[in-house]
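Undergrad: next come a sequence and a model predicted from it.
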There are 2 protein chains.
Amino acid sequence: MLGAIEAGGTKFVCAVADEDFNIIDRVSFPTTIPSEACSNVLQFFDQYDLKSIGIGSFGPIEVDINSLKYGFVTDTPKKYWSNFNFVGTMKKRYDIPIFWTTDVNAAAYGEKIRGAAIDSKSCLYLTAGTGIGGGMIINDQILEGFSHPEMGHILVRKHENDPFVGACPFHKDCLEGMASGKAIEERFNKKGNELSESDSFWEIEANYIAQALMTYTLTLRPEKMILGGGVMAQDHLFHSIRSQFEKLLSGYVSTPDLTSYIVSPGLKGDAGIVGALLFVFVQKDRFLSF
Amino acid sequence: MLGAIEAGGTKFVCAVADEDFNIIDRVSFPTTIPSEACSNVLQFFDQYDLKSIGIGSFGPIEVDINSLKYGFVTDTPKKYWSNFNFVGTMKKRYDIPIFWTTDVNAAAYGEKIRGAAIDSKSCLYLTAGTGIGGGMIINDQILEGFSHPEMGHILVRKHENDPFVGACPFHKDCLEGMASGKAIEERFNKKGNELSESDSFWEIEANYIAQALMTYTLTLRPEKMILGGGVMAQDHLFHSIRSQFEKLLSGYVSTPDLTSYIVSPGLKGDAGIVGALLFVFVQKDRFLSF
Ligand SMILES: Nc1ncnc2c1ncn2[C@@H]1O[C@H](COP(=O)(O)OP(=O)(O)O)[C@@H](O)[C@H]1O
Ligand SMILES: Nc1ncnc2c1ncn2[C@@H]1O[C@H](COP(=O)(O)OP(=O)(O)O)[C@@H](O)[C@H]1O
Ligand SMILES: [Zn+2]
Ligand SMILES: [Zn+2]
């Protein structure tokens, strides 16, 4: 059996699957404090004879194999999670290969191997949820360098009709600061799902996302860009994002047809957990399996 | 012998090297019209018995091996070069492997294998010359997806003290539109090298570049970022770019020490031509060698 954890900012999902990646059992619980979350994880996995565990975790996390902090959650604003040794805790209980990267890298990988990007050589996955984050897969490899990307914090141009100062504790009005679920809540004192579909704000939301997709297109040249996360439950955003993206890019570079270039996840909400299961496929030297 | 062409917007450089990559002979001439430039190229290469030719070309260019236009310069504003079959022209004369990518990808590759990034696993090369362009190398592979990156055209925030409307024919005030050599010339009616080092504009120029480096850092996570091109001859820019970069990023992600993270080219002006020579090392399936 293969094990996987999608450790999200709001909730954990754990799953076990057979060697054909059919999910046999799964469980989900809120992301409270590390000790509680981990005892839930262990209780679930203890029932099975696992060969490996793939983890896609909220970040920032340490992915440098040569760091003493490899496998740790690092400087998260999430209480009690900073400096938590996630991989080490798992490793202590299960002496099997552990695959470790961010939740968005996991989702990007899931979409690449089994989802919307199955026929593409590369894809980008962007989640607009409580925060904003992105992952990129090229030729079945996860894009990482000095560390993992933090694509949600790129600078955007403030929309002329948007007086909001921004919600990012680091950059105020970066993409996440202006367009995340948290930014919407701070701006309106209510959640995104409580806004009417016809609210003029959605045009502004789509503008920020379109700006970001233009930047990702020009720097990363993915064959597909997949948008997930709670905020993207606003289906009508896709239309507006595509048309604003087209206007911004002004035909400077060619892209696939926009309806097949900017899409929703093929695996729906399961991209992350499926991706974490599929990590056993990633080239071995990409992961520490100590 | 190995051959290489760096086809820049202003000038061509051709070189031949021995199998140890020592340059034996080189020639340079202005980028006039295709027929003239190519006859200069052929005249130079005809003197040698070449095993391969690497080409780093100004763009946009077609790099999709499955396209009928593979090896062409595509929609460049450069007169007479649009739709020029560069690889085909070389191939007709020399029936040897031809390696083909952008001038900035070539420079990035040169810097990675023989230059400032020799000890890094990845690097980004950004040129601020007549235009702005960037290339990225990860684990000795060139980053390309749907096509090659066009990093010079990402959106930047207009600096509050900069009234210039922008020089990019596609986006007006994108990075290239605000910070390229051409933008400086249009803004001041004189060239960058005619501005005093103490001109307050340089702080604005550095701001635009720092914004771009923040975006590249968060999306690509290179281990090193190398800045070349005519405008970067203004050495004092490095200091200002680093300090504005630091302020913008606000410590959100860790990077190498900035003096070793944001650097000038190790190969000086030879990054492109050396990179094009070294293309024989790039994994075969990355290039068409028809
Ligand atoms: N239908 C909706 N429309 C707009 N925003 C929504 C909707 N549903 C959830 N959200 C917002 O999405 C965020 C949660 O995103 P989600 O991807 O589910 O979780 P997380 O990012 O915490 O892992 C919250 O800020 C929530 O307000
Ligand atoms: N010392 C300098 N200071 C500022 N700008 C310069 C300097 N030297 C050249 N430039 C500008 O750089 C551009 C040429 O860049 P370069 O990289 O040499 O060529 P290209 O981009 O055409 O291949 C021109 O716009 C020129 O005005
Ligand atoms: Zn931010
Ligand atoms: Zn532009």
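TA: Sure, I can see it. Ligands and ions are numbered 1, 2, ... in the order given.
Undergrad: and the helices in chain A?
TA: For chain A, helices defined by DSSP state H occupy the ranges A:34-45, A:86-93, A:103-114, A:175-179, A:181-188, A:201-220, A:237-249, A:258-261, A:271-278.
Undergrad: now those in TSV, with distance to residue B:217 and mean neighbour count?
TA: Heads up, the C-betas are built off the backbone N, CA and C, glycines and all. Shown next, in TSV, are the helices of chain A (distance: least, C-beta to C-beta, whole Å; neighbours: other C-beta atoms under 10 Å in any protein chain shown):
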stretch	distance to residue B:217	mean neighbour count
helix A:34-45	29	17
helix A:86-93	24	17
helix A:103-114	17	30
helix A:175-179	14	28
helix A:181-188	22	20
helix A:201-220	11	24
helix A:237-249	22	18
helix A:258-261	25	15
helix A:271-278	24	30
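Undergrad: can you lay out those as TSV showing mean pLDDT and distance to ligand 1?
TA: Formatted as TSV, these follow (pLDDT from 0 to 100; distance: least, C-beta to the nearest ligand atom, whole Å):
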stretch	mean pLDDT	distance to ligand 1
helix A:34-45	97	14
helix A:86-93	96	16
helix A:103-114	97	7
helix A:175-179	98	11
helix A:181-188	98	2
helix A:201-220	98	9
helix A:237-249	98	9
helix A:258-261	98	22
helix A:271-278	97	9
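Undergrad: out of these, the one nearest ligand 2 is which?
TA: Closest to ligand 2 of the helices of chain A is helix A:201-220 (C-beta to the nearest ligand atom; 18.0 Å).
Undergrad: contacts (any at all) between chain B and the closest one?
TA: Yes - residues of helix A:201-220 are located near chain B by C-beta under 8 Å from any C-beta of the partner chain, namely A:211, A:214, A:215, A:216, A:218, A:219, A:220.
Undergrad: so the third one is in contact with residue A:154, correct?
TA: Yes - counting by C-beta atoms under 8 Å, a contact exists between residue A:215 and residue A:154, whose distance comes to 5.9 Å.
Undergrad: hey, what's in contact with both of the two?
TA: Residues touching both residue A:215 and residue A:154 by C-beta atoms under 8 Å, 6 or more residues apart in numbering or on different chains: B:215, B:219.
Undergrad: torsion angles phi and psi at the nearest residue to residue A:62 once chain neighbours are set aside?
TA: Of all residues not flanking residue A:62 in the chain, residue A:69 sits nearest, at 4.3 Å (C-beta to C-beta, 6 or more residues apart in numbering or on different chains). With angles defined as degrees, to the nearest 10, residue A:69 sits at phi -100, psi 10.
Undergrad: from what I see, residue A:69 and residue A:60 are in contact.
TA: No - applying C-beta under 8 Å as the test, residue A:69 and residue A:60 come out as separate, 10.9 Å apart.
Undergrad: out of these two, which sits in the busier spot?
TA: Per other C-beta atoms under 10 Å in any protein chain shown, whichever of residue A:69 and residue A:60 has more neighbours is residue A:60, with 20 against 14.
Undergrad: and the more buried one, how far from residue A:248?
TA: Using C-beta to C-beta, to the nearest Å, we find residue A:60 at a distance of 29 Å from residue A:248.
Undergrad: can you check residue A:28 too?
TA: Taking C-beta to C-beta, one finds residue A:28 at 38 Å from residue A:248.
Undergrad: repeat for residue A:116
TA: 23 Å.
Undergrad: repeat that for residue A:149.
TA: Residue A:149 is 21 Å from residue A:248, by C-beta to C-beta.
Undergrad: ditto for residue A:131
TA: Taking C-beta to C-beta as the measure, residue A:131 falls 23 Å from residue A:248.
Undergrad: could you do residue A:36 as well?
TA: To residue A:248, residue A:36 is 44 Å away according to C-beta to C-beta.
Undergrad: ok, residue A:83 next?
TA: 40 Å.
Undergrad: now swap in residue A:96 and tell me
TA: Applying C-beta to C-beta, the value for residue A:96 to residue A:248 is 46 Å.
Undergrad: and what of residue A:10?
TA: Distance from residue A:10 to residue A:248, by C-beta to C-beta: 31 Å.
Undergrad: burial of the residue of the stretch 151-290 of chain A found nearest ligand 4, as a residue count?
TA: For the stretch 151-290 of chain A and ligand 4, the shortest gap (C-beta to the ion) falls at residue A:252, measuring 6.1 Å. By other C-beta under 10 Å, the residues close to residue A:252 number 19.
Undergrad: nearest residue to it in space, please, no chain neighbours.
TA: residue B:170 is the one closest to residue A:252 (C-beta to C-beta, 6+ apart), at 4.4 Å.
Undergrad: list the contacts of residue A:275.
TA: A:54, A:56, A:105, A:106, A:107, A:108, A:109, A:110, A:111, A:113 are the contacts of residue A:275 under C-beta under 8 Å, 6+ apart.
Undergrad: what's near enough to touch the closest residue to it other than its chain neighbours?
TA: Distance criterion C-beta to C-beta, 6+ apart; nearest residue to residue A:275, sequence neighbours excluded, is residue A:110 at 2.9 Å. With C-beta under 8 Å, 6+ apart as the criterion, the residues that contact residue A:110 are A:267, A:270, A:271, A:272, A:273, A:274, A:275, A:276, A:277, A:278.
Undergrad: I'd guessed residue A:159 sits against residue A:207; true?
TA: Yes - under the criterion of C-beta under 8 Å, residue A:159 makes contact with residue A:207 at 5.3 Å.
Undergrad: please report how far residue A:87 lies from residue A:53.
TA: For residue A:87, the distance to residue A:53 equals 9 Å [C-beta to C-beta].
Undergrad: need the overlap of contacts for the two.
TA: Common neighbours of residue A:87 and residue A:53, counting by C-beta under 8 Å, 6+ apart, are residue A:98.
Undergrad: ok, residue A:80 touching residue A:37?
TA: No - using C-beta under 8 Å, residue A:80 is not in contact with residue A:37; the gap is 9.8 Å.
Undergrad: returning to that earlier point: make TSV out of the helices of chain A and add distance to residue B:41.
TA: Listed next are those as TSV, based on distance: least, C-beta to C-beta, whole Å:
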stretch	distance to residue B:41
helix A:34-45	62
helix A:86-93	54
helix A:103-114	40
helix A:175-179	44
helix A:181-188	53
helix A:201-220	30
helix A:237-249	33
helix A:258-261	37
helix A:271-278	47
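Undergrad: nearest to residue A:2, out of those helices?
TA: Minimum separation from residue A:2 across these (C-beta to C-beta) falls at helix A:271-278, 5.5 Å.
Undergrad: residues contacting the residue nearest the centre of chain A?
TA: The residue lying closest to the centre of chain A (C-alpha atoms, centre = their mean) is residue A:104, at 2.2 Å. Residue A:104 sits next to A:56, A:125, A:126, A:127, A:133, A:134, A:135, A:272 when contact means C-beta under 8 Å, 6+ apart.
Undergrad: hmm, the fifth one is touching residue A:103, no?
TA: Yes - A contact is recorded between residue A:133 and residue A:103 when judged using C-beta under 8 Å, the distance being 7.3 Å.
Undergrad: give me the common contacts of these two.
TA: A:59, A:127.
Undergrad: near ligand 1, which residues of the stretch 1-150 of chain A show up?
TA: By the rule C-beta under 6 Å from any ligand atom, the part of the stretch 1-150 of chain A lying against ligand 1 is A:8, A:9, A:10, A:127, A:129, A:130, A:131.
Undergrad: select only the buried ones of these in PyMOL?
TA: Selecting only the buried entries of those in PyMOL, with 16 or more other C-beta atoms under 10 Å in any protein chain shown as the criterion:
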select buried, chain A and resi 8+9+127+129+130+131
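Undergrad: ok, the residues of the stretch 1-150 of chain A next to ligand 1 vs residue A:234, which is closest?
TA: Closest to residue A:234, out of all of these and judged by C-beta to C-beta, is residue A:129, at 12.3 Å.
Undergrad: now do the closest residue to the closest one other than its chain neighbours, the pLDDT please.
TA: The shortest distance from residue A:129 to any non-neighbouring residue, by C-beta to C-beta, 6+ apart, is to residue A:229 (3.6 Å). We have a pLDDT of 97 for residue A:229.
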